[in-house]
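> here is a sequence with its predicted model. Questions after.
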Amino acid sequence: MILFNPKSIPILAVAIGVAIGLSKAAGLSGEGPATILAGAASLAADLAWRWRWGGRDWFASEAGGAIFEIPVWAFGVFWMILGVFFMVHGKG
């Protein structure tokens, strides 16, 4: 079992950087919008990587970013759901 693969680092760095940049540029505050943006950016970055260099294999950990064998795009979906939860429950 791998903890993470090296492709995860640039994918997550881009995703988090985009989320922080967009949040600050749009003047958004709170955890909800930033979490949704980080999730969407990580989803897009990982799927783009898998589309271009991963042989379009959406679930294999070696085809793109993965943490504990779970694709980074799946974490992105989770983060978007979590961000919506934060927004609905007043943390956003």
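Noted; the coordinates are in hand.

> now do the helices in this structure.
8-26, 31-52, 72-88 (DSSP state H).

> tell me the buried residues in the longest one?
It stands for helix 31-52. 32-47, 49-50 (16 or more other C-beta atoms under 10 Å). Where you see a C-beta, it was placed from the backbone N, CA and C, and this is true even at glycine.

> low-confidence ranges, this structure, go.
When residues are selected by pLDDT under 70, those of the chain lie in 1-2, 91-92.

> spatially central residue for it, please.
Residue closest to the average C-alpha location in the chain (C-alpha atoms, centre = their mean): residue 42, at 2.4 Å.

> dump the helices of the chain to JSON lines, plus distance to residue 63.
Supplementary listing: the helices of the chain in JSON lines, determined by distance: least, C-beta to C-beta, whole Å:
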{"stretch": "helix 8-26", "distance to residue 63": "12"}
{"stretch": "helix 31-52", "distance to residue 63": "5"}
{"stretch": "helix 72-88", "distance to residue 63": "11"}
